[in-house]
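Student: What shape does this take:
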Amino acid sequence: MDREEVRPDPLAELLPALSDHEATLEANRCLFCFDAPCTHACPTHIDVPNFIKKIATGNLIGSASTILKSNLLGATCARVCPVQELCEGACVLGAEHRPITVGRLQRYSMDFASDKGLELIRPGNPTGKRVAIVGSGAAGLSCAGELRKLGHEVVVFDKRGLPGGLSTYGIIKLREPIEVALAEADMISSLGAHFEYERELGQNLDFKELQAEFDAIFLAVGLGWTPRLGIPGEELIVDGLAMIEQSKTDEKRVVVGDKVLVIGAGNTAVDCATIAKRLGARAVTMVYRRTECEMSAYDHEYDFVKAEGVRFKFLTQPVAVLHDGEKVVGLECRSMQLGELDESGRATPVPIEGSEFIIETDQIIKAIGQEKPALAALLGIDTIRGFLKVNEEFETNLPNVFAGGDCIRATGSASTVMAVQDGKMAADSIHKKLSLSSGG
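Tutor: Alright, predicted model coming up:
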């Protein structure tokens, strides 16, 4: 057999699944704390000691059911949650020993349920109420599933051809294979949620028609593409989100340079740098206009990408892309220094006059965040710093129009698990309002 055919996929899921023996041993290390800090640290408040104890006693159906009761996207969150910052970071064994690997145990239970084809969630009795959900990412799927559990009819609209949002298109395969995201969407579909794809608000999906046809609407539209840098030659820069998407849907067509620069220092930038390095780039450097202290990437992601051999160029601001026709040959940059704190609490980068220099490169990737939701003005929804504004019940200024997920995250960090919790809480608010309107 050709050696190339048996070469391991460099972007295959990073952590292997636990064996039955490994899972049992790890579960039995848990102290099963009362009022456990790991449960409090989980945004969806999964009863962590309970699901782990069920693993220890061989009750894997009960373990998976415990997880799904709090988090319908337990398989995704088991893989992509920053557990080092959340449940595992709060583990009482972490101070002097080794924290319980909560994420991998959660994956073990969820994979068991998926592999066995278990249907552990049931739809509720029909209420006669209809809810439209726009967006099938984490918030949308979570809300859809919770509403089906309560008996409401749900139709999920998505502008893409596949469900899952960032889990499908925007999270590196190393952390979550596309099959996991699609399987969770299938689970929500099996509860009776109806999906309509390639339907986009403002294009072929009319908002006023949704308002007329449905009793409530939940907007889970996420954010947009990477914003522009506004520098000469930017048209030759690769969009990081597009690169991650291609690495998940058509990895063989991903083009990687020899000397790669990644502009940005968040978790998406880390993913782009990882893809470039693992797919053959000889040198990968992340360029950031602040210092490592201001990076938005998690500490463990920073440590991971350094171990991958990725280098960093801090206090560096891109000025222009240098190119020979369509071929990138360099990035002109300017050195920066830190000034006063901005509204995010980070020091503002200030350019140093006359400090321009050039970094040789044959490929530049940008991963500098995402554009704010563009439909707020179209729909007449109030915003906060460009994000959709909601009240404590996740309702916008438009009656019976709710929102959740990254599109409302004006403060705090955006993450899959927070989006799942948004969807769950919004579903509860929608249910209460629909119940009141029907006299229930």
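Student: Need phi/psi at Thr383.
Tutor: phi -130, psi 160 (degrees, to the nearest 10).
Student: ok, now the one 10 residues further on?
Tutor: For Glu393, the backbone dihedrals are phi -100, psi 10 (criterion: degrees, to the nearest 10).
Student: shouldn't Met286 be in contact with Ala273?
Tutor: Yes. Using CB atoms under 8 Å, Met286 is in contact with Ala273, at 5.5 Å. The C-beta positions use only the backbone N, C-alpha and C, and glycine is treated the same way.
Student: List the residues that are in contact with both of these two.
Tutor: By CB atoms under 8 Å, 6 or more residues apart in numbering, Met286 and Ala273 have these common neighbours: Val262, Val305, Val310.
Student: Longest helix in this structure, please.
Tutor: helix 416-437 (DSSP state H).
Student: Which strand or helix spans His323?
Tutor: Per DSSP states H and E, His323 falls inside strand 316-324.
Student: Now the element after that strand, going C-ward?
Tutor: Where DSSP H and E defines the elements, the next helix or strand beyond strand 316-324 is strand 327-341.
Student: Show the average pLDDT along that following strand.
Tutor: Averaging pLDDT along strand 327-341 yields 96.
Student: For the shared contacts of Met286 and Ala273, pick the one with the most neighbours.
Tutor: Val262 (33 neighbours; other CB atoms under 10 Å).
Student: Look up phi and psi at the most far-flung residue of the chain relative to its centre.
Tutor: Distance to the chain centre peaks in the chain at Gly354, reaching 39.5 Å (criterion: CA atoms, centre = their mean). Torsion angles at Gly354 (phi, psi; degrees, to the nearest 10) stand at phi 70, psi 20.
Student: Please report how far it lies from Lys313.
Tutor: From Gly354 over to Lys313 the distance is 18 Å, taken as CB to CB, to the nearest Å.
Student: List the buried residues of the lowest-mean-pLDDT helix or strand in the chain.
Tutor: The weakest-scoring helix or strand in the chain, judged by mean pLDDT, DSSP states H and E, is helix 376-379 (a mean of 90). Going by neighbour count (16 or more other CB atoms under 10 Å), the buried part of helix 376-379 is Ala376, Leu379.
Student: Next secondary structure after it?
Tutor: The first helix or strand that comes after helix 376-379 along the chain, using DSSP H and E, is strand 383-384.
Student: Packing partners of that following strand?
Tutor: Strand 383-384 sits against no helix or strand, with contacts defined as 3 or more CB pairs under 8 Å, 6 or more residues apart in numbering; DSSP states H and E.
Student: Give me the distance between it and the centre of its chain.
Tutor: Distance of strand 383-384 from the chain centroid (CA atoms, centre = their mean, to the nearest Å) equals 21 Å.
Student: Likewise for stretch 71-79?
Tutor: Distance of stretch 71-79 from the chain centroid (CA atoms, centre = their mean) equals 11 Å.
Student: Average the pLDDT values over that stretch and round to the nearest integer.
Tutor: Averaging pLDDT along stretch 71-79 yields 98.
Student: May I have that stretch as PDB, with CA atoms only?
Tutor: Taking Å, rounded to 0.1, in the frame of the first residue of the first chain, the C-alpha atoms of stretch 71-79 are listed here in PDB:
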ATOM      1  CA  ASN A  71     -26.800  20.500  28.000                       C
ATOM      2  CA  LEU A  72     -28.200  19.100  24.800                       C
ATOM      3  CA  LEU A  73     -24.900  19.700  23.000                       C
ATOM      4  CA  GLY A  74     -22.900  17.700  25.500                       C
ATOM      5  CA  ALA A  75     -20.800  15.900  22.900                       C
ATOM      6  CA  THR A  76     -19.600  19.200  21.300                       C
ATOM      7  CA  CYS A  77     -19.000  20.900  24.700                       C
ATOM      8  CA  ALA A  78     -17.000  17.900  25.900                       C
ATOM      9  CA  ARG A  79     -14.600  18.600  23.100                       C
END
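Student: Can you list the residue ranges for helices in the stretch 51-200 of the chain?
Tutor: Using DSSP state H, counting those that start in this stretch, the helices of the stretch 51-200 of the chain run over 60-70, 74-80, 87-90, 102-115, 138-149, 166-169, 178-190.
Student: now do the stretch 201-350 of the chain
Tutor: Here the stretch 201-350 of the chain has its helices, by DSSP H, counting those that start in this stretch, at 207-213, 240-249, 267-278, 299-307.
Student: list the helices and strands the second one packs on?
Tutor: Contacts of helix 240-249 with other secondary structure elements, assessed using 3+ CB pairs under 8 Å, 6+ apart, are made with helix 166-169, helix 267-278, strand 363-366.
Student: Which of these sits closest to Asn397?
Tutor: helix 166-169 (26.3 Å; CB to CB).
Student: Using the record's assignment, carve this structure into domains.
Tutor: Here the domain parsing of the chain from automatic domain parsing is 13-115, 130-224+371-437, 234-366.
Student: would you list those in a markdown table and tack on distance to Ile121?
Tutor: Shown next, in a markdown table, are these (distance: least, CB to CB, whole Å):
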| stretch | distance to Ile121 |
| --- | --- |
| domain 13-115 | 6 |
| domain 130-224+371-437 | 6 |
| domain 234-366 | 26 |
